[in-house]
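J.: sequence unknown, structure follows:
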DNA sequence: CTGGATATCGCTGGGCAGTTTACTAATTCC
DNA sequence: GGAATTAGTAAACTGCCCAGCGATATCCAG
C-alpha cells in the first residue's frame, strides 16, 4: 500500500468529488445542506459547486418559493442525464436492453424475443436491433452511452468470451464485446448472468442490506452468483460460483426430476413442465410433490456447498422457478438445515427476469464512477474503452 | 460512499502517513529518497519526517560515511520497535507464541507442549505461562504489546468463541479473548487456525503473489481457509471454509483411510500412523498407496467444491500431511482435474507448524495499522481494545 | 594539502485552498 | 413596516506545499 503524497490541487479535486457524492441520489440541495454533508465550510462549497456547474456536472435550480423563513436558497442538483449506461441481457429466449442515467434511474427498456437455436451472428443482430430501437426511442446515439455491460450465460473469461461452456449454441467462440466495440467507443464489460443477477439483488432487490450474498439461479438451468464483502466475486478465471460442475452436486440433473414427473403434459416445453409440476404440487398432487422434493434435495446440495464454503448472510432464490418459491422454499430450507452448520436467511427474488440487465447497468455505472469520479473530475464526457 | 471533505490539516496527516508507509519495510532512507517515493517535495518531506521523529514514529540515523559522492544525507528509519504484536497458536498438542515488532520482524518465539485432553482452564494456564516466559525473555511487559491474535480450532463467532464445534475438549464455552483481556488492554482477536494459516501463506509463505487463495489444512483434521481479493474471508458468522461439514465431502472420514491401512503399527498414534502410511507408499507398498489414493480422493471432493465455488488462483497444501506432499500432490492433482473446470495452481506450504501463529501476528499488525495509521497519527501508544 | 564536483541541508518567498468573520440581500412572521 | 432568519459574497487569515538559492559536508584528483 504505497500511499502517494497529496497537494493542494488534489485536495480540491477530492473536495469537489465529495460534493458530487453529496449531490448524487439526493434531491436538489442548498449550499448549506452540502456543507453539512461534506463537512466543508459554506464558502468552500459555494466555489466548488459553481465549478461543477460550469463543468457541466451540476445544474442550478432557482428557488421555488418554499414555505420556510429566511431567504430562499439556490438549489443545485447532480446532472444525472449528462451520461447514460446500458445493461444488455443476451438470454436464450430473449434480448433485454435497459437504459439508465448516471444515477441509475431507468430511462427505457426494450425487450425482443430470441430464437433459442439462433447462432451467435443472428443473436448479435437481434441485440443490435434491440439497441437501435431503444436508442431511437430515447432519442440518443451511441455517443450518449458512457458504459455498458453484456450479460451472457456461462462463465466469462478476461476477454469476454465464454470459452469453458455455455448453453447458447455456438457461443463459446462468440465475441460480444468485440462486436459491440464496433458501435460503442465506451468501456464494455461482459459478465455471467448469474453474477449480474446477484449484483442486481444487492442494488435494487431483496438483498440491499447485506454484504455477503449467494444468489441462486433456479430455473431450467441452475447457477449461482456470489457477492462477498459487498463486491461481486468473479473468480480468478471468471468461474466463481460454478459449483454445479461438481459431480456430487447434481445441478445438471436436478430440473430433470420435474420434467420426469408422471402426468406432465407431453406437449409441454421445459419451462411449462416445471410450472405444471409446481402447480400440481400446490394442489396436493402426490407425485408432483415427490418431484419437487427430489428437485430441492439436489438443489440443496450445491447451495449447502456454497453456504458452507462462504458462510453468507443471505441466500437469494432467483431464476424462473422463484415464481414458485412458495413450493420450493420450505423443502429447500429443510434440506439446508440438514447440511449446514449455520443457516443463512433465505429470501426470494422480486426482480423477475430483468435482474440480469439491471445488474449489468449497475456494473456499467460502477465502472463509470471508477473512471470519471475517482481519478479526476474533468468535464462530463463519455470515457473511452 | 459518503466521501467527507478534506482540509489542510487532514492533508498534512495524509502526507505524514504516506511517509510512514514509505519508511516502513525499507532500509533507513534519506529525505530525497522519501520525496521520490511519496511524490512530495524535499522541504515538505523534511518537515513531516521531523515531526515523525519528535512524535516517536521515526528515528534519525547519523550518516555512517557511505561511499557516495556529495554530502552524506541523514537517514531516517521507521521505529518498528515502538510497539509489538503477539500471535498465539492454541493447538491441540502445543501452545506457540510469537512476538514481532511493528514491521513484522520476528523478535522471539516460545513453544510449550499441551496435553490434548487438557480442559480449557488448564490450556489457558499454559498459554499464560508461555506468554510469561516470552515476555520475560524479551524484557517486555503486557503494555508493550499493541495487538494480539489467538488462533484456535473450529469456527470462531463474533464474540471469539467456538460455539459451533471444536476438537479441543470443552472449548466450545471457553472465552480466550475474555481471559486474555484480563492481562492485555490492547485489541484482542480470536480466529480460526486454518484462516490464520492462510493469512500466513500470503504474508510469508508460498502465496505471496496471489490475491485469491484456498488454503487446505491436511492433517489429522482437515480444514480450509480462504483469502479473496487479498483479504481474509471470515464469513458472516465466522464459518467460511467449513466445506468439510458437507456429507458429500468426506473430510471427517478421509484421514481414516490412512489409519485403517493394513500394516500400520498398532501402537502408532494418529499422526504417526499417517506418516507410516506415507512412508510405506513412498517405498512402493501397494496397500499404502491405495490408502493414500482413497484419502486424496475424499480430500479432493472438498477442495474441488471450494475451487468451483471460488475459482481461486492458488491452492496451498498445508497442515501436518504437507510434509508428505511428494506423495499427496500428484493424486490430488489428478482428482482435481476430474472435478474442476479450471484448475488452480497447487503449491505446498513451507511454513510448517508456525503458520497459525504467524498469521495471527499478521492479523494483529493489520489491526494496529488500521487503528494507528489510517485514522490519525498521534504519538506511538498502545491502542486500547 | 587544496580546489573542484556533487549532493544534501536549511531557509525564504510565492501561490493556493479552505476557514473565519463580517456585511449585504432576500424572504417570512408578527 | 420592522424584527427575525437564512442565503450570498467579499475580505482577511492561516496553513500547507513548492520552487529556488545559498551554505555545508564529503569525496576525489592533482
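T.: Sure thing, it's come through. Please read these numbers as outputs of a predicted model, since none were measured by experiment.

J.: poorly predicted segments of chain A, please.
T.: Within chain A, the stretches with pLDDT under 70 are A:1-3, A:63-67, A:373-379, A:385.

J.: where do the helices sit along it?
T.: For chain A, the helices defined by DSSP state H cover A:8-23, A:31-38, A:42-55, A:120-138, A:176-181, A:193-204, A:254-259, A:270-282, A:286-310, A:325-339, A:355-368.

J.: chain center to the fifth one: distance?
T.: Just to be clear, that refers to helix A:176-181. 19 Å (Cα atoms, centre = their mean, to the nearest Å).

J.: let's have the helices of chain A in JSON lines, adding distance to residue A:227 and mean neighbour count.
T.: C-beta coordinates here come from the backbone N, C-alpha and C atoms, glycine included. Conversion of those to JSON lines gives the following (distance: least, Cβ to Cβ, whole Å; neighbours: other Cβ atoms under 10 Å in any protein chain shown):
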{"stretch": "helix A:8-23", "distance to residue A:227": "22", "mean neighbour count": "19"}
{"stretch": "helix A:31-38", "distance to residue A:227": "27", "mean neighbour count": "19"}
{"stretch": "helix A:42-55", "distance to residue A:227": "32", "mean neighbour count": "17"}
{"stretch": "helix A:120-138", "distance to residue A:227": "26", "mean neighbour count": "17"}
{"stretch": "helix A:176-181", "distance to residue A:227": "23", "mean neighbour count": "19"}
{"stretch": "helix A:193-204", "distance to residue A:227": "5", "mean neighbour count": "27"}
{"stretch": "helix A:254-259", "distance to residue A:227": "23", "mean neighbour count": "20"}
{"stretch": "helix A:270-282", "distance to residue A:227": "27", "mean neighbour count": "19"}
{"stretch": "helix A:286-310", "distance to residue A:227": "10", "mean neighbour count": "23"}
{"stretch": "helix A:325-339", "distance to residue A:227": "19", "mean neighbour count": "17"}
{"stretch": "helix A:355-368", "distance to residue A:227": "10", "mean neighbour count": "27"}
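
J.: take these and lay them out in JSON lines including distance to DNA strand D.
T.: Converted to JSON lines, the helices of chain A look like this (distance: least, Cβ to the nearest atom of the strand, whole Å):
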{"stretch": "helix A:8-23", "distance to DNA strand D": "6"}
{"stretch": "helix A:31-38", "distance to DNA strand D": "4"}
{"stretch": "helix A:42-55", "distance to DNA strand D": "4"}
{"stretch": "helix A:120-138", "distance to DNA strand D": "33"}
{"stretch": "helix A:176-181", "distance to DNA strand D": "39"}
{"stretch": "helix A:193-204", "distance to DNA strand D": "32"}
{"stretch": "helix A:254-259", "distance to DNA strand D": "59"}
{"stretch": "helix A:270-282", "distance to DNA strand D": "56"}
{"stretch": "helix A:286-310", "distance to DNA strand D": "42"}
{"stretch": "helix A:325-339", "distance to DNA strand D": "48"}
{"stretch": "helix A:355-368", "distance to DNA strand D": "29"}
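
J.: now tabulate those in JSON lines and tack on distance to chain B.
T.: As requested, the helices of chain A are arranged in JSON lines below (distance: least, Cβ to the nearest Cβ, whole Å):
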{"stretch": "helix A:8-23", "distance to chain B": "4"}
{"stretch": "helix A:31-38", "distance to chain B": "4"}
{"stretch": "helix A:42-55", "distance to chain B": "8"}
{"stretch": "helix A:120-138", "distance to chain B": "21"}
{"stretch": "helix A:176-181", "distance to chain B": "20"}
{"stretch": "helix A:193-204", "distance to chain B": "11"}
{"stretch": "helix A:254-259", "distance to chain B": "14"}
{"stretch": "helix A:270-282", "distance to chain B": "24"}
{"stretch": "helix A:286-310", "distance to chain B": "5"}
{"stretch": "helix A:325-339", "distance to chain B": "6"}
{"stretch": "helix A:355-368", "distance to chain B": "11"}
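
J.: give me the residue from the stretch 51-200 of chain A nearest DNA strand D.
T.: residue A:70 (2.1 Å; Cβ to the nearest atom of the strand).

J.: circling back to that earlier point, what's the closest of the helices of chain A to residue B:134?
T.: Among the helices of chain A, helix A:286-310 comes nearest to residue B:134, with 35.8 Å by Cβ to Cβ.

J.: tilt between the closest one and helix A:325-339?
T.: 50 degrees (axes from the mean of the first three to the mean of the last three Cα atoms, to 10 degrees).

J.: by contact count, what packs against helix A:286-310?
T.: Judged by 3 or more Cβ pairs under 8 Å, 6 or more residues apart in numbering or on different chains; DSSP states H and E, the packing partners of helix A:286-310 are strand A:213-218, strand A:222-228, helix A:254-259, helix A:270-282, helix A:325-339, helix B:286-310.

J.: and that helix, how far from the chain's centre?
T.: Centre to centre, stretch against its chain (Cα atoms, centre = their mean), the figure for helix A:286-310 is 25 Å.

J.: angle of that helix against strand B:213-218?
T.: Going by the same axes, to 10 degrees, helix A:286-310 makes 100 degrees with strand B:213-218.

J.: so helix A:286-310 versus helix A:270-282, what angle?
T.: Using the same axes, to 10 degrees: helix A:286-310 against helix A:270-282 is 110 degrees.

J.: does DNA strand C sit close to stretch A:17-24?
T.: No - under the criterion of Cβ under 7 Å from any atom of the strand, stretch A:17-24 makes no contact with DNA strand C; the nearest approach is 9.0 Å.

J.: residues in contact with the residue in the stretch 101-250 of chain A that DNA strand C sits nearest to?
T.: At 22.8 Å from DNA strand C, residue A:102 is the closest residue in the stretch 101-250 of chain A, using Cβ to the nearest atom of the strand. The contact partners of residue A:102, by Cβ atoms under 8 Å, 6 or more residues apart in numbering or on different chains, come to A:24, A:78, A:79, A:80, A:81, A:82, A:83, A:84, A:85, A:146, A:365, A:368.

J.: would you mind giving the residues you listed as CSV with distance to residue A:354 added?
T.: As requested, the contacts of residue A:102 are exported to CSV (distance: Cβ to Cβ, whole Å):
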residue, distance to residue A:354
A:24, 23
A:78, 25
A:79, 26
A:80, 20
A:81, 22
A:82, 25
A:83, 21
A:84, 17
A:85, 15
A:146, 21
A:365, 16
A:368, 20
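
J.: pull out the buried residues from those residues.
T.: Those of those that meet the buried threshold are A:24, A:78, A:79, A:80, A:82, A:83, A:84, A:85, A:146, A:365, A:368, by 16 or more other Cβ atoms under 10 Å in any protein chain shown.

J.: for the stretch 101-250 of chain A, give the residue positioned nearest to chain B.
T.: residue A:235 (2.6 Å; Cβ to the nearest Cβ).

J.: now the residue lying closest to that residue once chain neighbours are set aside: phi and psi?
T.: The spatially closest residue to residue A:235, leaving aside those adjacent along the chain, is residue B:311, at 2.6 Å (Cβ to Cβ, 6 or more residues apart in numbering or on different chains). Dihedral pair for residue B:311: phi 50, psi 60, per degrees, to the nearest 10.

J.: can you tell which of the helices and strands packed on helix A:286-310 is closest to DNA strand C?
T.: Going by Cβ to the nearest atom of the strand, the one of these nearest DNA strand C is strand A:222-228, 34.5 Å.

J.: may I have the distance across stretch A:159-170, first residue to last?
T.: 17 Å (Cα to Cα, to the nearest Å).

J.: one more: stretch A:75-93?
T.: The straight-line separation of the ends of stretch A:75-93 (Cα to Cα) is 46 Å.

J.: residues in contact with residue A:310?
T.: Counting by Cβ under 8 Å, 6+ apart, residue A:310 touches A:212, A:214, A:226, A:228, B:226, B:233, B:235, B:240, B:309, B:310.
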